[in-house]
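1. quick one: sequence and predicted model below, then my questions.
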Amino acid sequence: MEQENQDSPALQATNLAEVPQNGETPTPPLSPLLDHRPRMIEIHTRYDFESCVAFYRFTFKPVKFILTISLFFVLIGVIFILLDVLFNDEIHWVAPIFVWVGGLALAFYLAFSTMRNNTKNLVSNKLIGPNTHNIFKFGVDAFFQQQHKGTEFMCNDTWMYHMLHQVIETRDYFFVYTTMNGAHVIPKKDFTVGTPQDLTHLLTTKLGMNFKRVGKF
């Protein structure tokens, strides 16, 4: 058919770039991600406990949580001391020390039980496990996710870059937030096409201020 013989605008541009003009050496066309970068960055990975713990450690920030709870119990212990000074003219250290030690132990328990329960919820919802396989793709205009559990196809989602809430890069992971509190965890060790540096370049270009690098690299 005559329509099939017509080149697309992109192909026409490529053909023009390949034809010398006025005897000059032609310049090959650049891809949207520069000539040495892949057009589609691809990651094949599995959600595992290590990735989940890394995500919850980053978002939940257990150290900050523990310090906050501990500070609360420190203030209670100080109140005990002030009451002893005001009414007994002496300090009984048993109650404050008991409150401080108990508060610190409670803070550690709450922090790590919260992380453990969140991970268990992911397991019960079949979002992580040895048979759950995720394929993430970063194209020129959009971010794609496919998820399989064994041979069963579970989901296929697409987000244009302006639809992403934010993306945060750490030393070992990319956290792709599709909502304010929900993110896909992408380990840097699982890149199959392209490199983490390629993705950093792409996200810097596409997201601007919504892409952040935190921590030490």
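-> Noted; the coordinates are in hand. Residues are numbered from 1 along each chain as shown.

2. could I get the full set of helices for this protein?
-> Per DSSP state H, the chain has helices spanning 9-18, 49-60, 62-87, 94-124, 196-207. These are given in chain order.

3. return the most buried member of those.
-> A comparison of those by mean neighbour count, using mean count of other Cβ atoms under 10 Å, puts helix 196-207 on top with a mean of 18. Where you see a C-beta, it was placed from the backbone N, CA and C, and this is true even at glycine.

4. contacts for that helix?
-> Identification of contacts with helix 196-207 by Cβ atoms under 8 Å, 6 or more residues apart in numbering yields 33-34, 37-38, 41, 138, 161, 164, 166-167, 169, 174, 188, 191, 211, 213.

5. dump the helices of the chain into a markdown table; add mean pLDDT as well.
-> Shown next, in a markdown table, are the helices of the chain (pLDDT from 0 to 100):
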| stretch | mean pLDDT |
| --- | --- |
| helix 9-18 | 39 |
| helix 49-60 | 73 |
| helix 62-87 | 86 |
| helix 94-124 | 79 |
| helix 196-207 | 95 |
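
6. show me the protein divided up by domain.
-> Each domain of the chain is listed here as a residue range: 41-47+129-213, 59-124, per automatic domain parsing.

7. so for residue 53, which of the ones you listed sits nearest?
-> Each of the domains of the chain was scored for nearness to residue 53 using Cβ to Cβ, and the closest is domain 59-124 (6.5 Å).

8. what sits against the nearest residue to residue 133 once chain neighbours are set aside?
-> Using Cβ to Cβ, 6 or more residues apart in numbering and skipping residues adjacent in sequence, the residue nearest residue 133 is residue 148, 4.7 Å away. By Cβ under 8 Å, 6+ apart, the residues touching residue 148 are 132, 133, 134, 135, 154.

9. name whatever forms a beta bridge with residue 148.
-> On the basis of DSSP bridges, residue 148 is bridged to residue 133, residue 153.

10. is it true that residue 180 touches residue 165?
-> Yes: taking Cβ atoms under 8 Å as the contact criterion, residue 180 and residue 165 are neighbours in contact, 5.7 Å apart.

11. the more surrounded of those two?
-> Summary of the neighbour comparison: residue 180 and residue 165, criterion other Cβ atoms under 10 Å, with residue 165 having more neighbours (15 against 8).

12. for the more buried one, which non-adjacent residue is closest in space?
-> Take residue 165 and drop its neighbours on the chain: the residue closest to it by Cβ to Cβ, 6+ apart is residue 177, 4.2 Å away.

13. nice, that's everything, thank you.
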